[in-house]
Each structure stands twice: as structure tokens, then as C-alpha cells.
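Visitor: Make a model of this:
(one chain, ligands or ions: 1)
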Amino acid sequence: MHYKIQLYIFLFLRFSPFEELWFPLNLHTFPSLSLSLFSFIHTHKNRQQRSMSNSKVPERLTLESVRKSLITQEDTIIFSLIERAKHPLNSRLYNPSWNVIPGFSGTVFEYFVKETETIQSKVGRYESPKEHPFFPENISKPVFPPCYHPSVLHPAAKSININKDIWDVYINKLLPQFSAEGDDGNYATTATCDLQCLQALSRRIHYGMFVAEVKFIDAPQDYSPAIHAQDRDALMKLLTFESVEEMVKKRVEKKTMLFAQDVSIHNDSNKEKTKIDPCAVSKLYADWIMPLTKHVQVEYLLRRLY
Ligand SMILES: O=C(O)C(=O)C[C@]1(C(=O)O)C=C[C@@H](O)C=C1
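Guide: Predicted structure coming up:
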């Protein structure tokens, strides 16, 4: 039978009151056309279902789920510190008088970060509310089709970026502690490791906004008076859980002890010697990472009702 006539009969049966019968009947009568249309409808339906399940309904965050994310981010931070510790300090990278890039007056590391952030912004990195650039003035609009990010945070979150402080702590306090004196000339890999550390730290610290949002949603009656009074100290007190902080410090120390071990199949006698110092990581959390995360939480809450 002519292909067009087959199609009309097929469509009539498909949308007729004999709908229940349409598929077997058509399959019987016009096997090839029926199968191809059936498979088209089926694939289309699946695709629709898949794209619906991918998006639009933001998962409800809980204090437990945001704390779980902080726990997995510990792994990323510890592994990136281990990678960085493979190289000595390579201090030239951060020294403004090592002026080797024509037309650029900052440090080589600044140059590396600015250029990398520009390319990463083009593929959408900073569209995510979890990512914050170190040089916001250098980022570009993404060239990719936009990716869906559920809006969980108050719009004021966009105005919070403490990467200048994170940068300063990293270069001046953290690096001298985690890398040995010296220069191996591997500036590109060193800068890559540095940026990985910085991005992991920045993500963790700015994630404080998600933690603060959950805390506020769970108990607006507790937080609102301090927000209206713009009382930083009261907010800091409300959001602090000392027992949780103790747990975090112990856990990162233990994780570092495991992740930074030299593993040998012959003996475990070197168990005590680790690639980075577990106590130093615990101290890093106690002195910088948790206080900065709490600072971000306070900044966010201060803006939460306006
Ligand atoms: O788990 C929380 O409640 C957080 O706010 C996170 C965090 C942290 O940075 O790890 C910060 C403040 C709390 O005192 C405990 C831990």
C-alpha cells in the first residue's frame, strides 16, 4: 500500500476510539511503518522523561546533606594538598619582580589564574552558585548552552566572594607550611596544583552559604532577630557547633594519615611517614577553613532577609 495512505490509516487508528487496538492492529497491517513510528514515539517519550528527571525540581537540602558534601570536599582538599606537596615552594611564581610575561605586570601565578578562569568561564564554570572566580573582572559569558542550576540561595549570595582573603591565606600562610623550600623549575605543574587547591578551598568555604541557608530555613525564628539587628556576634554564636568542629578536625587528621601514607607491598613500617602532615591539615581547618566558612555564613545571613 502507498506509504502516505498507510500513514493516514495509522494516524486515524492511533487517535480513534479504538486506541487500545492501534498498535497490534497496525503492527499486523503495516509492520515497517508501525514499528518505526512506535519506536519514534517511544524514544521521544523516554527523552522527555529523562530531561524532566534531570532538572527543575531542586532537591531539598538538609543540614545532613550539606554536611555530607563538606565531608566529601575534605577528600578533594587533602588530595590537592598532597599533589602540591610534590613540588617545592617555587616562590618565583608568586614574586612580582619576576617579570617575564610581556605586557603583564602581575605575578606569573596571577597570569596563569586569570587566563585559566577566562577559559573556564567560557565553558560555564561560574554559572554554578558553588563556584567563585578569583578575578571576577576577567570572566566571560559562557559560549555553551546554559546548564540548569536550581536556585537554592537568596539572590544576595551573588554579592559574596571572599576569594581575596583565601588567596592571601593560601600564598602567605598555607604554601610555606605545605611545601619545602626550593625551586624545581616546574612552574606550570606547580601553578596547576595551586589553582586546584585554591578552587577546592574556595568551593568549600563559599559552600558556607548553603549551610547557612539550611540553618535559616530550619529555624527562621532563631535567626531573624539577629539578622534584623545586623548582629554579627549573635549570628556567629547561633551557627557555631563546637562538637561538629571537633569532629571535623579529628576526621581530617585521620583521613590525611590514610591518604598521605606511602604504600608499600613489602612492609608497613613507614606508616608514620606521610606526604603531608596530618596535624597541619587539622590545624588548617581549625585556623582558616572553618573560620572562613563561618565568616561566609555570617555574611550571607546578614543579607538573607533583604
Ligand atoms: O556543620 C555546620 O554546622 C557548619 O556550619 C560547618 C562548620 C565547618 O566549617 O565545618 C562551621 C561551623 C560549625 O561550627 C561547624 C562546622
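Visitor: who touches stretch 191-201?
Guide: Residues from elsewhere that reach stretch 191-201 (Cβ atoms under 8 Å, 6 or more residues apart in numbering): 73, 76-77, 80-81, 83-84, 86-87, 93, 108-109, 112-113, 116, 131, 134, 163, 166-167, 170, 174-175, 289. Bear in mind the C-beta positions are built from the backbone N, C-alpha and C, glycine included.
Visitor: Okay, buried residues for that stretch please.
Guide: Buried positions in stretch 191-201, judged by neighbour count with 16 or more other Cβ atoms under 10 Å: 191, 193-201.
Visitor: low pLDDT regions in this protein?
Guide: For the chain, the stretches with pLDDT under 70 are 1-59, 268-271.
Visitor: Spell out which parts of it neighbour the ligand.
Guide: Where the chain comes near the ligand, counting by Cβ under 6 Å from any ligand atom, the residues are 67, 70, 211, 239-241, 244-245, 248, 290, 293-294.
Visitor: May I ask which of the residues you listed has the most neighbours?
Guide: Compared across those, T293 has the highest neighbour count, 23 neighbours, by other Cβ atoms under 10 Å.
Visitor: what residue is smack in the middle of this structure?
Guide: Centroid-nearest residue in the chain, with Cα atoms, centre = their mean: K130, separated by 4.9 Å.
Visitor: which residues touch P176?
Guide: P176 sits next to L89 when contact means Cβ under 8 Å, 6+ apart.
Visitor: so it sits in a helix?
Guide: Yes: looking at P176 with DSSP: H, G, I helix; E, B strand; the rest coil, it is inside a helix.
Visitor: and the buried residues of stretch 191-201, which of them are in helices?
Guide: Among those, DSSP state H puts 191, 193-201 in helices.
Visitor: Backbone dihedrals for Q120, please?
Guide: Main-chain torsions, Q120, degrees, to the nearest 10: phi -70, psi -30.
Visitor: just Q261 next, same as before
Guide: The phi/psi pair for Q261 (degrees, to the nearest 10) reads phi -70, psi 150.
Visitor: Skipping its backbone neighbours, what lies nearest G124 in space?
Guide: Of all residues beyond its chain neighbours, the one nearest G124 is P142 (4.1 Å), with distances taken as Cβ to Cβ, 6 or more residues apart in numbering.
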